[in-house]
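Undergrad: mind looking at a prediction? Sequence and model below.
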Amino acid sequence: MAPQPASRPLGELLTHRQKMVLLTTLMLSMFVGALDQTIMSTATPSIIADLGGFSLLSWLFTSYMLASTVVVPLVGKLSDMFGRRVFLLGGLVIFMASSAACGAAPSMITLILFRAVQGIGGGLIFASVFSTVGDLFPPAERGKYMGFFTGTFSLASILGPTIGGLLTDHAGWRWVFFINVPFGLVAIPLIWRNLPHTAASMSRKIDFAGSVLLSIATVSLLLGLVWAEEAYGWGSAQTVGLIAGAIVFAILFVIQENRHPEPIIPLVLFKNRTFLLANLVVFALGGGIFGTMAYLPVFVQTSLGGSATTSGLITTPQSLGILATSIIGGQVISRTGRYRWLTIAGACFILAATLLQTTLGAGSPEWHISVFMVVMGLGFGMVMPTMSVVIQNAVSHQYLGVATSSRQFFMQIGQVLGTAIFGVILATTYHSSFSAELSPEAHANIPPATLQAFDDPTMSLDRRTFERVKHEVRAVPGGEALLDNALAAQRVAVAEGIHRLFLISVAIAVFGLAMTVLSRELPLRRGFGPAAEGGQPGQPTPVPIDAH
């Protein structure tokens, strides 16, 4: 298909039927990428049993995250210059081929390498899909379709663990990856046929130096955060060196962006108040709320004594809440052309959910968490997809890919940063609380080497280690009572650690609410014109991108 002229947006080149066919194809493409992020959780024990390499387990997820985070901002800029089609098709091909390679991986090392390649494909897909939706529909119509995509992601989150479990139990863990191939074989020809190739009429000077500097800064930061939590600690030379390197390369990146005519991320965008505040909301909620949720299963399985399956079922209602309000909220935005009240209401729901979570303790009923998760999901369904529309509406169409990818980039950075920092807070609080809750008799009589095993709050989830520790404690005088005291202290300590995380989440939710209140509502454009400030939704007033 020949390139379409850049003077007309893609949404003006296609009929309504063509848009709907392409929209369905894009949803299928995103479903594949989203499903892969959740389907692996139930397959990891079988992967370890087959390939070994338990010490490398975290890299199955870290390698994917590193690659996808680095790719996202680069794709945003390049797709603005060269069109979305080549990057979306490339992402699908890379994702499908690497999925097949993951399924055939003979060792843990090769599986991790293929997962990194898969992350590149996933980053290409996600960055391209949301930008293409922006190409198809003006901001006033975009809300309802963004809601469908958020709903698709939520559906993948709900179905992923179940599908992963069924495939692992009946076909083997390798089919967790092989299942992506038929989806890709369907999506690729549909994208090729239905998505025209468009090319922007702008300078083709690619900022290679900026790309390298941003990639190094991002990888250094993410590795520093991941290794600080999992391996070396925050005060180690490795962690300090990586984070310092990230800061240095970030400064060099800013200098490079200010001097290059076609920067990867135009810094002038951050002078746009709506763009800046919306990304702050995404970054804060991505780090502060999702970071807390990462440790909720630890609380359920240790303090409440629930199983892994139970912890998954307890948190599933959050996805149901997101699914409901993302679709309904998108329809409301498209009908009214207004979004500010929806983001404020969603932020209030999130704040209410975090406040409710602070009431949880070691004796809380499990169903309380499910109810709180519904409230949280309702809030996220109102805020997160709406922020995509807000960010895209705040900038001119020529910056659509950059603006869209920035949201994904800051959300992923926030999630990694929040998970790492909250992990330190949880561990620190747990250790001090456990020591305080443990009786003097336990401190005096339990052997130090055995007592050290309780430094890991998830120790009881490792059956072999737990049985060994119980045997060693019971071997000392009064061992049964000492064991009961140590396990009770562990449950209380985990609960106190999670409670501190919830308190921090409340502060972050307040910050997110403040950002939504401070953000001014720009009328949603009914066309593909430049960014607007004031006026009616159907009558945009052209303004420079850095006017506010």
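TA: Yes, it's here.
Undergrad: the nearest residue to Met96 once chain neighbours are set aside and Val133, how far apart?
TA: By the measure of CB to CB, 6 or more residues apart in numbering, the closest residue to Met96 outside its immediate chain neighbours is Gly184, 3.2 Å from it. Just so you know, the C-beta spots here come from the backbone N, C-alpha and C atoms, and that holds for glycine as well. Taking CB to CB, to the nearest Å as the measure, Gly184 falls 20 Å from Val133.
Undergrad: again with Leu342
TA: 18 Å.
Undergrad: between those two, which one's more packed in?
TA: Using other CB atoms under 10 Å as the criterion, Leu342 and Val133 rank with Val133 on top: 27 against 23.
Undergrad: torsion angles phi and psi at the more buried one?
TA: Torsion angles at Val133 (phi, psi; degrees, to the nearest 10) stand at phi -60, psi -40.
Undergrad: excluding chain neighbours, what is closest to it?
TA: The nearest residue in space to Val133 (CB to CB, 6+ apart) is Tyr145, at 5.6 Å.
Undergrad: repeat for Asn258
TA: Closest to Asn258 by CB to CB, 6+ apart is Leu267, at 6.4 Å.
Undergrad: do Ala250 as well
TA: For Ala250, the spatially nearest residue (CB to CB, 6+ apart) is Ala217, at 4.4 Å.
Undergrad: could you check which helix or strand contains the residue nearest to Met96?
TA: Per DSSP states H and E, Gly184 falls inside helix 180-194.
Undergrad: contacts only, for the residue of the chain most remote from its centre.
TA: The outermost residue of the chain, judged against the average C-alpha position, is Pro477 (49.1 Å), by CA atoms, centre = their mean. With contact taken as CB atoms under 8 Å, 6 or more residues apart in numbering, Pro477 is in contact with Asn445.
Undergrad: so it: helix, strand or coil?
TA: coil (DSSP: H, G, I helix; E, B strand; the rest coil).
Undergrad: just the pLDDT at it, thanks.
TA: pLDDT for Pro477: 84.
Undergrad: could you do Val390 as well?
TA: So, for Val390, pLDDT stands at 89.
Undergrad: just Ala278 next, same as before
TA: pLDDT for Ala278: 92.
Undergrad: and it, what element?
TA: Ala278 belongs to helix 273-288, assigned by DSSP H and E.
Undergrad: just the CA atoms of that helix, as CSV, please.
TA: Listed in CSV are the C-alpha atoms of helix 273-288, where the atom choice follows Å, rounded to 0.1, in the frame of the first residue of the first chain:
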residue,chain,number,x,y,z
ARG,A,273,0.8,22.6,31.8
THR,A,274,-1.8,20.0,30.9
PHE,A,275,0.8,17.6,29.4
LEU,A,276,3.0,18.0,32.5
LEU,A,277,0.3,17.5,35.1
ALA,A,278,-1.3,14.5,33.4
ASN,A,279,2.1,12.8,33.2
LEU,A,280,2.7,13.6,36.9
VAL,A,281,-0.6,11.9,37.7
VAL,A,282,0.3,8.8,35.6
PHE,A,283,3.8,8.7,37.1
ALA,A,284,2.6,9.1,40.7
LEU,A,285,-0.3,6.6,40.5
GLY,A,286,1.8,4.1,38.5
GLY,A,287,4.5,4.2,41.2
GLY,A,288,2.5,4.8,44.4
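Undergrad: using CSV, write out every CA atom in the helix or strand following it.
TA: Using DSSP H and E, the helix or strand that follows helix 273-288 in sequence is helix 290-293. What follows is the C-alpha trace of helix 290-293 in CSV, where atoms were taken according to Å, rounded to 0.1, in the frame of the first residue of the first chain:
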residue,chain,number,x,y,z
PHE,A,290,0.8,-0.2,41.6
GLY,A,291,4.0,-0.3,43.7
THR,A,292,1.9,-1.1,46.8
MET,A,293,-0.2,-3.7,44.9
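Undergrad: so who does Ala362 touch?
TA: Counting by CB under 8 Å, 6+ apart, Ala362 makes contact with 303-304, 491-492, 494-495.
Undergrad: then Leu513?
TA: 344, 347-348, 350-351.
Undergrad: try Val254
TA: Taking CB under 8 Å, 6+ apart as the test, what Val254 contacts is Leu267.
Undergrad: circling back to that earlier point, closest one to Arg407 out of the contacts of Leu513, please.
TA: Taking CB to CB as the measure, Arg407 lies nearest Ala347 of the contacts of Leu513, at 16.3 Å.
Undergrad: what about that closest one, neighbour count?
TA: Neighbours of Ala347 using other CB under 10 Å come to 25.
Undergrad: out of the contacts of Ala362, who has the most neighbours?
TA: Counting by other CB under 10 Å, top hit in the contacts of Ala362: Val494 with 26 neighbours.
Undergrad: just the CA coordinates of stretch 264-271, formatted as PDB?
TA: The C-alpha trace of stretch 264-271 is given here as PDB (Å, rounded to 0.1, in the frame of the first residue of the first chain):
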ATOM      1  CA  ILE A 264      13.300  12.200  20.700                       C
ATOM      2  CA  ILE A 265      11.300  13.900  23.500                       C
ATOM      3  CA  PRO A 266      10.800  17.600  22.700                       C
ATOM      4  CA  LEU A 267      11.400  19.300  26.100                       C
ATOM      5  CA  VAL A 268       9.100  22.100  25.000                       C
ATOM      6  CA  LEU A 269       6.200  19.700  25.700                       C
ATOM      7  CA  PHE A 270       6.900  20.000  29.400                       C
ATOM      8  CA  LYS A 271       6.000  23.700  29.200                       C
END
